[in-house]
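Following is a predicted model, sequence given first.
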Amino acid sequence: MYPGTFAATQPDKPAVIMAGSGERLTYAELEERSVRLANALRGAGFRSGDTVALLSDNSLRAYEVYWAAVRSGLYITAVNSHLTADEIAYIVTDSEAKALIVSAPLGELVTRVAERVDVPLRLAYGGVAAGYDDYDATLAAASPERPADQPAGADMLYSSGTTGRPKGIKVTLPERQIDEPGNPLLPLVQLMYGFDDTITYLSPAPVYHAAPLRYGACVHAVGGTLVMMEKFEPEAALRAVERYGVTHSQWVPTMFVRMLKLPDETRGRYDLSSHRVAIHAAAPCPVEVKQAMIEWWGPILYEYYASTEGAGITFISPQEWLERPGSVGRAGLGVVRICDDEGTELPAGEIGTVYFERDEVSFTYHNEPDKTRESQHPEHPTWATSGDVGYVDSEGYLYLTDRKAFMIISGGVNIYPQEVEDVLTLHPAVYDVAVIGVPDDEMGEQVKAVVQPASTVDAGPELADELLAYVRDRIAHYKAPQSVDFIDELPRTPTGKLVKHKLTARYAVAAG
């Protein structure tokens, strides 16, 4: 199914609502506008396999562009609007986009990008932008007649670049029409979360990220309503659940932490009784944070582990998690394999690189054959990894320990920063934290906690000593930081992922 199905049966039902403004797009409007844009793209010479780049804030228009592309056999590359103009231009150019569609309210950024790319078709919505044609005028001039041939397209998203330059993640286009079954995510979310035409789904994260974009599309594929926040704010999220009778939602752990740190009076102000499925992913969730959320919201937290690459996915229900705290579940797509650095599969309980085995190669990195090979098992090319480290128990439940690239080796001992970060996350004086390895002449690396304090007034030697003691009381001393630095703001993507290579680079430079 796709929006055209529901444009015929429930034309006036909201397909998308903006949580703050209340602005909405009905299924009939989504269908007509995406058809018009699809016809405009065809008229401009686009053919199956071409790419459309989208640079947008959270906007109703984003899904018009999405559905126009994927009903035309095109790749859609949604680009992080928080990158610099040069970084965006790199992605647009690398993706070989023939169209760049932007949100004019992003201001000077879209103008600077236009100056840096050679793209035949450029459209701007939500206002006037130098270097772009008018999006609405282009749609008005295009035919509203649905094309007879609607080959299914796909997204080609770029990794968030938390460990280096973003890579385009490309799948082979499916050989089917848009109204034929074949989306591998859709039956999974229907089975696991009860996605159907009765749901109202809250998406508080940026639409360019894989999960918000793909899950929003799944909402449209079942005829539900997507409520999209303009941007995440803790109290505004609770307000949206109450205002729109949200039944389903998706979060990242940093959002949980921000909501848990709201005053009790604020947390208790909103009626969340409609809320029955709260999905979370994108980063490991500290056990104490998830326990606190379940105590507040009830056993409605459903976790999954996956990556933008889509190599595989695990799921865990709240009931399973309460029996196995810390697990991210068992495989729902692919088979989990844990391997050592040489590629030898490890038994249950031993830590290694997490691979997903599939029947065939599930993705490639666009224009990056060497990086594609690096993501594959040395002997099994259909086993793929995104670089995470973990182990499985005897029942096949996966537990993540950290990203391989983030592991600290101090005196020959492997230390996983995530464990230390999990301890510090809920300390009342900590607003945000990253744990990294910094150069050390004797040990190779030493463990350092970089803390964004809840109050800069408190940042100083006394708080640093308190935090070090707090960690040492809870985990082995050899894992604990040797020092704490305070920082105004940690480098995170808007989806909550730490960009650790920026921090480690600073300390590497400082160390000479």
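In hand now; what should we look at? Residues are numbered from 1 along each chain as shown.

how about low-confidence regions in this protein?
Applying pLDDT under 70 to the chain picks out residues 160-164, 412, 495, 511-512.

Can you give me the domain assignment for it?
25-184, 326-406, 408-510 (automatic domain parsing).

Could you point out which of those sits nearest Arg239?
Nearest to Arg239, of all these, is domain 25-184, at 16.1 Å by C-beta to C-beta. The C-beta positions use only the backbone N, C-alpha and C, and glycine is treated the same way.

End to end on that closest one, go ahead and measure it.
26 Å (C-alpha to C-alpha, to the nearest Å).

does the residue lying closest to Ile351 once chain neighbours are set aside have beta-bridge partners, and which?
Spatial nearest neighbour of Ile351, chain neighbours left out: Tyr391 (4.8 Å); criterion: C-beta to C-beta, 6 or more residues apart in numbering. The partner list for Tyr391 in beta bridges (DSSP bridges) reads Tyr399.

Around Tyr391, how many other residues sit close by?
For Tyr391, the neighbour count with other C-beta atoms under 10 Å is 19.

Okay, helices next: where are they in the stretch 251-400 of the chain?
Assigned helices in the stretch 251-400 of the chain, in chain order: 253-260, 264-267, 287-297, 318-323, 369-374 (criterion: DSSP state H, counting those that start in this stretch).

dump the residue contacts of Asp388.
Counting by C-beta atoms under 8 Å, 6 or more residues apart in numbering, Asp388 makes contact with Ser307, Thr353, Val354, Leu400, Asp402, Arg403, Lys404.

Out of those, flag the one nearest to Val35.
Out of the contacts of Asp388, the member with the shortest distance to Val35 (by C-beta to C-beta) is Ser307, at 32.4 Å.

show me what contacts the closest one?
Contact partners of Ser307, counting by C-beta under 8 Å, 6+ apart, are Ser386, Asp388.

before we move on, what about Met156?
Met156 makes contacts with Thr51, Tyr75, Ile76, Thr77, Ser95, Gly168, Ile169, Lys170, Val171, His366, as judged by C-beta under 8 Å, 6+ apart.

Can you tell me how far the closest residue to the last one other than its chain neighbours is from Glu295?
The reference is to His366. Distances taken as C-beta to C-beta, 6+ apart place Gly168 nearest to His366, at 3.3 Å, with adjacent residues excluded. Separation of Gly168 from Glu295 (C-beta to C-beta, to the nearest Å): 41 Å.

Would you mind saying which of the helices of the stretch 251-400 of the chain lies nearest Glu342?
Once the helices of the stretch 251-400 of the chain are compared by C-beta to C-beta, helix 369-374 is nearest, at 14.6 Å.

ok, residues contacting the closest one?
Residues contacting helix 369-374 (C-beta under 8 Å, 6+ apart): Lys167, Thr364, Tyr365.

beta partners of the second one?
By that I understand Thr364. With DSSP bridges as the rule, Thr364 is bridged to Lys170.

And for it, the neighbour number?
Using other C-beta under 10 Å, Thr364 has 20 neighbouring residues.

dump the residue contacts of Ala282.
Ala205, His209, Ala211, Val252, Pro253, Thr495, Gly496, Lys497.

need the contact list for the closest residue in space to it that isn't next to it in sequence.
Computed as C-beta to C-beta, 6+ apart, the closest residue to Ala282 that is not its neighbour in sequence is Val252, at 4.3 Å. Shown in contact with Val252 (C-beta under 8 Å, 6+ apart): Ala205, His280, Ala281, Ala282, Ala283, Thr495, Gly496.

Next one: Asp155 relative to Lys290, how far apart?
29 Å.

in the stretch 251-400 of the chain, which spans are strands?
Assigned strands in the stretch 251-400 of the chain, in chain order: 277-280, 301-305, 313-316, 330-333, 335-339, 352-357, 364-365, 383-384, 388-392, 398-403 (criterion: DSSP state E, counting those that start in this stretch).

between the ones you listed, which one is nearest to Leu468?
strand 398-403 (20.4 Å).

quick one: that closest one to strand 352-357, angle?
With axes from the mean of the first three to the mean of the last three C-alpha atoms, to 10 degrees applied, the angle from strand 398-403 to strand 352-357 works out at 120 degrees.

list the helices and strands whichever helix or strand comes after strand 398-403 packs on?
Sequence-wise, the next helix or strand downstream of strand 398-403 (DSSP states H and E) is strand 408-410. On a contact count with 3 or more C-beta pairs under 8 Å, 6 or more residues apart in numbering; DSSP states H and E, strand 408-410 meets strand 413-415, strand 430-440, strand 444-453.
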